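Undergrad: Quick one: sequence plus predicted model below, questions after.
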Amino acid sequence: MFLKWISDDCYQKIAIVGICKNAGKTTILNHIMQHCITNWGIMTTGRDGEAEDVLFKTPKPQVKITRGSVFCADSVCLDAYGSRVNILEKTVWQSGGKPLWIARANCDLEGEIAGPQNTAAQADLAERLIYWGADKVLIDGSLDRKSIAFSSSIQAIILSIGASFGSLTAIEEELHRLQVLNQLPAIKPLTPQAIKQLHEAKGIMLEQDNLWTEAGFSSLISNEKRLISLIKDTPFSSIYFPGAITSNIYKHLGSSLQPYKLYFRHPECLKLPVNELKAFVGQHHPQCLIPYNIKAV
């Protein structure tokens, strides 16, 4: 059963992400909370547990917060919980214009949780939950390369599959694509200085003899010819992409990338259909600064 690995000490921050809206993330979160006994911290990227979906107006399950759990909520949620919670901290963040608070459940609760939408703030919030006694943090995240779920602070991802994604064929293709991405290895070896440099990089980086330099542009959109000219004129051996490569971009780059080691910030930077993705991986053997860590589907 997929729950067994959660008890391992190496998995402290776990993100639950869906392949589409209404994929069942809250149901999975509730199931884990009920069946894995630990000091949980619970947070989301925005808002979760509301009575109905804001866009589609469909009913949604409330978050089941077990007694003793530490969680984040806005001021309106806390008013609804009343004396059933112990307020621990008013944070510096807001969600929907409302201040965010950290609280501990004095009994089992059902209701809403909230969290900041900024990735850096989300990472800081997870640390605050641990500070207040959480042994492990569950994060209701999103399948987006800019999400906290794809940051280096997350040790494991649980993928939630929802029928609203599309047909069974479309779901199978998406799962196949994610499986290919999940197998991409981490970049190695890298010096601590290089790791720091790539994590902070806002644009494309080029490497020769373990020295990384900026290419001078952040995105490949409309810059394919600049990159081709640059790597032809200068003896680089590796290229690092913090952003996306699409089918159209790859068509323009063609075989120009063949001699180089290709590094990406995260597997989701490869925005290619599954067949094209498999061909790209087989030809270029890309590595990632932050690899996927999908542990369960």
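TA: Done, it's in.

Undergrad: The longest strand along the chain packs against which elements?
TA: Counting residues, the longest strand found in the chain (DSSP state E) is strand 85-95. Where contact means 3 or more Cβ pairs under 8 Å, 6 or more residues apart in numbering; DSSP states H and E, strand 85-95 is packed against strand 70-74, strand 98-105, helix 119-131. Glycine gets a C-beta too; all of them are placed from N, C-alpha and C.

Undergrad: Pipe the ones you listed into JSON lines and attach distance to Leu262 and mean neighbour count per row.
TA: Output for the helices and strands packed on strand 85-95, formatted as JSON lines (distance: least, Cβ to Cβ, whole Å; neighbours: other Cβ atoms under 10 Å):
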{"stretch": "strand 70-74", "distance to Leu262": "38", "mean neighbour count": "27"}
{"stretch": "strand 98-105", "distance to Leu262": "39", "mean neighbour count": "20"}
{"stretch": "helix 119-131", "distance to Leu262": "24", "mean neighbour count": "19"}
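
Undergrad: and these as JSON lines, adding distance to Ser167 and mean pLDDT?
TA: JSON lines is the format used below for these (distance: least, Cβ to Cβ, whole Å; pLDDT from 0 to 100):
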{"stretch": "strand 70-74", "distance to Ser167": "36", "mean pLDDT": "95"}
{"stretch": "strand 98-105", "distance to Ser167": "39", "mean pLDDT": "95"}
{"stretch": "helix 119-131", "distance to Ser167": "32", "mean pLDDT": "94"}
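
Undergrad: looking at these, which is closest to Gln34?
TA: Each of these has some distance to Gln34 by Cβ to Cβ; the shortest is strand 98-105, at 13.5 Å.

Undergrad: ok, that closest one: who's next to it in the sheet?
TA: strand 70-74 (antiparallel), strand 85-95 (antiparallel) (DSSP bridges).

Undergrad: Using CSV, lay out those strands together with distance to Ile139.
TA: Compiled in CSV, the strands paired with strand 98-105 are given as follows (distance: least, Cβ to Cβ, whole Å):
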stretch, distance to Ile139
strand 70-74, 10
strand 85-95, 14
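
Undergrad: among those, which is nearest Leu289?
TA: Across the strands paired with strand 98-105, closest to Leu289 is strand 85-95 (Cβ to Cβ), at 26.3 Å.

Undergrad: so the closest one versus helix 119-131, what angle?
TA: For strand 85-95 against helix 119-131, the angle by axes from the mean of the first three to the mean of the last three Cα atoms, to 10 degrees is 170 degrees.

Undergrad: Contacts for strand 85-95 next, please.
TA: For strand 85-95, the surrounding residues in contact (Cβ atoms under 8 Å, 6 or more residues apart in numbering) are 46-47, 70, 72, 74, 78, 99-106, 109, 114-118, 121, 125, 128, 132.

Undergrad: how about the helices and strands packed on strand 85-95 in CSV, adding distance to Leu178?
TA: As requested, these are exported to CSV (distance: least, Cβ to Cβ, whole Å):
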stretch, distance to Leu178
strand 70-74, 28
strand 98-105, 31
helix 119-131, 20
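
Undergrad: And those: which comes nearest Phe236?
TA: With Cβ to Cβ as the criterion, Phe236 lies closest to helix 119-131 of these, at 29.5 Å.

Undergrad: For the residue nearest to Lys188 when sequence neighbours are not counted, grab phi and psi.
TA: In space, Lys188 comes closest to Gln287 once its chain neighbours are excluded; the distance is 7.5 Å by Cβ to Cβ, 6 or more residues apart in numbering. Phi and psi for Gln287, reported as degrees, to the nearest 10, are phi -120, psi 160.

Undergrad: who touches Gln287 in this structure?
TA: So Gln287 contacts Leu184, Pro185, Ala186, Ile187, Lys188, Lys261, Leu262, Tyr263, Phe264 (Cβ under 8 Å, 6+ apart).

Undergrad: May I have the beta-bridge partners of the residue lying closest to the second one once chain neighbours are set aside?
TA: Just to be clear, that refers to Pro185. Once flanking residues are discounted, Pro185 sits nearest to Gln287: 5.4 Å by Cβ to Cβ, 6+ apart. Following DSSP bridges, Gln287 is listed with bridge partners Tyr263.

Undergrad: what's the answer for Lys90, then?
TA: Here Lys90, judged by DSSP bridges, has bridge partners Trp101.

Undergrad: And it, how far from Leu190?
TA: Distance, Lys90 to Leu190, by Cβ to Cβ, to the nearest Å: 39 Å.

Undergrad: Of these two, which one has the most company?
TA: The neighbour comparison of Lys90 against Leu190 (other Cβ atoms under 10 Å) goes to Leu190, with 18 against 11.

Undergrad: Wait, a strand at the more buried one?
TA: No - read with DSSP: H, G, I helix; E, B strand; the rest coil, Leu190 is coil and lies in no strand.
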